[in-house]
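Colleague: pasting the structure only:
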């Protein structure tokens with residue numbers, strides 16, 4: 001007898017995740033028209049381990065490449081689905097997306113995504129994966145409150161001068 005599921009249920013063995021299609025993007029991760037030269041070159045995160053993606057996400061975050069950090073942490077989230085770290089990495093991916101929205105001038109999107117990040121990134125306590133999560137969350141909360149105030153008053157966001165990822 002085999003452990004494989006019946007042919008009608010799911011493919012066996014399960015297919016490998018497919019790499020994300022290459023799409024030309026500007027420096028802030030916005031899509032460019034098909035055929036345009038990309039201005040954002042990122043590693044192939046799908047070929048990296050969660051550990052390597054997390055390290056690269058921190059490096060990109062500290063280089064102010066928030067879209068790249070988002071993509072790397074999103075890959076960690078996918079790789080850690082079904083584990084206790086799933087929500088943690090989902091929160092960090094949303095953090096990168098929130099900072100990306102800030103850099104693009106979208107106060108409402110920044111406030112919403114930073115709020116979602118705060119709901120998830122502290123689920124495993126602090127420190128975790130080499131980061132001082134408690135301090136990170138305090139920094140993010142201050143930025144979320146500013147973005148929310150700007151969104152409510154239609155005031156423009158100031159240039160993002162976010163602190164580096166605090167190490168544990």
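Modeller: Yes, it's here. All figures in this text were calculated on a predicted structure; none of them were measured in a lab.

Colleague: Tell me where the protein has helices.
Modeller: Using DSSP state H, the helices found in the chain span residues 50-62, 66-79, 86-103, 107-121, 133-153.

Colleague: which one of those helices lies closest to residue 36?
Modeller: Checking the helices of the chain against residue 36 by CB to CB gives helix 66-79 as the closest, at 16.4 Å. Backbone N, C-alpha and C define where each C-beta goes, glycine included.

Colleague: can you give me the angle that closest one makes with helix 86-103?
Modeller: If you take axes from the mean of the first three to the mean of the last three CA atoms, to 10 degrees, helix 66-79 sits at 160 degrees to helix 86-103.

Colleague: ok, residue 36 to residue 30 distance?
Modeller: Separation of residue 36 from residue 30 (CB to CB, to the nearest Å): 11 Å.

Colleague: quick one on the thing from earlier: any chance of the helices of the chain in TSV, plus mean neighbour count and distance to residue 161?
Modeller: Shown next, in TSV, are those (neighbours: other CB atoms under 10 Å; distance: least, CB to CB, whole Å):
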stretch	mean neighbour count	distance to residue 161
helix 50-62	19	13
helix 66-79	25	13
helix 86-103	24	10
helix 107-121	21	14
helix 133-153	17	10
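
Colleague: out of these, nearest to residue 127?
Modeller: Comparing the helices of the chain by CB to CB, helix 133-153 comes nearest, at 6.2 Å.

Colleague: Distance from the chain centre to the closest one, please.
Modeller: Here helix 133-153 is found 17 Å from its chain centre; the criterion is CA atoms, centre = their mean, to the nearest Å.

Colleague: repeat for stretch 44-61
Modeller: Centroid displacement of stretch 44-61 relative to its chain, using CA atoms, centre = their mean, is 11 Å.

Colleague: same question, stretch 71-82
Modeller: In terms of CA atoms, centre = their mean, the centre of stretch 71-82 is found 9 Å from the chain centre.

Colleague: quick one: average confidence on it?
Modeller: Stretch 71-82 shows an average pLDDT of 97 in the prediction.
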